[in-house]
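Peer 1: Following is a predicted model, sequence given first.
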Amino acid sequence: MAYVRLAHRLAESGVRLALATHDRPLRESLLRALPDAEFELLLGVRNQDAEELARRGRTVRLYVPFGEGWFRYWMRRVAESRGA
């Protein structure tokens, strides 16, 4: 997976990673490959995933969109997370 390879290269360069994905298989690959990576998830999308990551000792940030177009952006992300 290109995402995992790129994240691994970035981690090797010494940067601090905060990875954003709601894709569970991808996230599991990242968890195995990058034990120090942090995760970012969209507030309101698969909340149980954020809770699970936190229980596993991972730093989790919840992304909260704001501004004039926040609702349309949020709805688009929610639809994408549901396979629309």
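Peer 2: Received it, and whenever you're ready, just let me know what you need.
Peer 1: Just the element for Val45, please.
Peer 2: Using DSSP states H and E, Val45 sits within no helix or strand.
Peer 1: The residue most central in space within the chain and Glu68: what is the separation?
Peer 2: For the chain, the residue nearest the mean C-alpha position is Ala20 (2.7 Å; CA atoms, centre = their mean). For Ala20, the distance to Glu68 equals 22 Å [CB to CB, to the nearest Å]. C-beta coordinates here come from the backbone N, C-alpha and C atoms, glycine included.
Peer 1: can you pull the contacts of Thr59?
Peer 2: Counting by CB atoms under 8 Å, 6 or more residues apart in numbering, Thr59 touches Glu38, Phe39.
Peer 1: So which other helices or strands are in contact with the helix or strand bottoming out on mean pLDDT in the chain?
Peer 2: Ranking every helix and strand in the chain by mean pLDDT, DSSP states H and E puts helix 70-81 at the bottom, with a mean of 80. Helix 70-81 sits against strand 38-42, with contacts defined as 3 or more CB pairs under 8 Å, 6 or more residues apart in numbering; DSSP states H and E.
Peer 1: What values do phi and psi take at Leu62?
Peer 2: Main-chain dihedrals, Leu62, degrees, to the nearest 10: phi -100, psi 120.
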